[in-house]
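# coords below, sequence missing:
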């Protein structure tokens, strides 16, 4: 690895001084209620991040100013099970080695001291015992790549990108009974990332070989299953009426006594819907 750039610290201090004027008070940015409600806005935690991280005024873009480390960032709120954390690679710096690390932590970023954050998620933060993270493949760190990762009700972490037509396993053994915040390490060749909404179709996501992932169901447009992301969302959940899962995933969620992943209402019954009938 190369050493720190001589002007990196000065540049970071000046940039953070400018950016801090845009930061709203904590009570105005949803930090006081970290209950993991997916209806709340998702952005990077504005105060707890690595010493080389510069956030934009909306806390959606995280850039590592210099060096290859001290680029750890967290989400502002806990992530629900099966909720997709979607990132876009904005900048790549080829002179370094390695790339993006992602995962989850049970430590509340609002209660952390940013000055005591280690330089790396892997292995330093992971070794503290409350963080689970891993490195993504090199093909996921090219500029313009959109990728997503999530944890399921079994504690398995999956990811997928535009380059893949299937979900790929990343981690196992994440405890899911408590709250989990997403953690991202803007490391090595990954210079800057943008946090997108959960549905990347709005940002140009399209899987290779598939013109569309939408179908007509009950007279409306319904996306693919939000859990497996490979089958039609053809299960109507009762009593909430949401159709966001395929029948197979809906059965698994129901038998594991999990709520609707969209509204969190408890599932009482499942109706399989056949398009066209």
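Received it, and whenever you're ready, just let me know what you need. As the structure is a computational prediction, the values presented were derived from the model and not from experiment.
# count of residues packed around the residue nearest to residue 227 when sequence neighbours are not counted?
Nearest residue to residue 227, sequence neighbours excluded (C-beta to C-beta, 6 or more residues apart in numbering): residue 249, at 4.2 Å. C-betas here are computed from N, CA, C, even on glycine. Residue 249: 22 surrounding residues under other C-beta atoms under 10 Å.
# How about residue 169?
By other C-beta under 10 Å, 10 other residues sit near residue 169.
# hang on, it packs against residue 155?
No: with contacts counted by C-beta atoms under 8 Å, residue 169 stays clear of residue 155, the gap being 11.6 Å.
# Measure how buried residue 138 is and give me the count.
For residue 138, using other C-beta under 10 Å, the count is 12.
# For the closest residue to it other than its chain neighbours, which three-state class applies?
Spatial nearest neighbour of residue 138, chain neighbours left out: residue 99 (6.2 Å); criterion: C-beta to C-beta, 6+ apart. Recorded secondary structure, residue 99: coil (DSSP: H, G, I helix; E, B strand; the rest coil).
# which residues sit in contact with residue 99?
135, 136, 138, 140, 141, 187, 188, 189, 190 (C-beta atoms under 8 Å, 6 or more residues apart in numbering).
# Listing request: residues of the stretch 1-150 of the chain with sub-threshold pLDDT.
Along the stretch 1-150 of the chain, the parts satisfying pLDDT under 70 run over 1-39.
# can you give me the strands in it?
With DSSP state E, counting those that start in this stretch, the ranges of strands along the stretch 1-150 of the chain come out as 44-49, 53-55, 61-64, 72-75, 85-92, 101-105, 131-135, 146-151.
# could these be laid out in JSON lines, adding distance to residue 244 and mean neighbour count?
Below are the strands of the stretch 1-150 of the chain laid out as JSON lines (distance: least, C-beta to C-beta, whole Å; neighbours: other C-beta atoms under 10 Å):
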{"stretch": "strand 44-49", "distance to residue 244": "26", "mean neighbour count": "22"}
{"stretch": "strand 53-55", "distance to residue 244": "31", "mean neighbour count": "21"}
{"stretch": "strand 61-64", "distance to residue 244": "29", "mean neighbour count": "24"}
{"stretch": "strand 72-75", "distance to residue 244": "21", "mean neighbour count": "26"}
{"stretch": "strand 85-92", "distance to residue 244": "16", "mean neighbour count": "20"}
{"stretch": "strand 101-105", "distance to residue 244": "22", "mean neighbour count": "25"}
{"stretch": "strand 131-135", "distance to residue 244": "26", "mean neighbour count": "21"}
{"stretch": "strand 146-151", "distance to residue 244": "14", "mean neighbour count": "24"}
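# where exactly do the helices run in the stretch 51-200 of the chain?
126-127 (DSSP state H, counting those that start in this stretch).
# Check the spacing between the closest residue to residue 114 other than its chain neighbours and residue 241 real quick.
In this structure, residue 114 finds its nearest non-sequential neighbour in residue 48, 5.0 Å apart by C-beta to C-beta, 6+ apart. Separation of residue 48 from residue 241 (C-beta to C-beta, to the nearest Å) stands at 38 Å.
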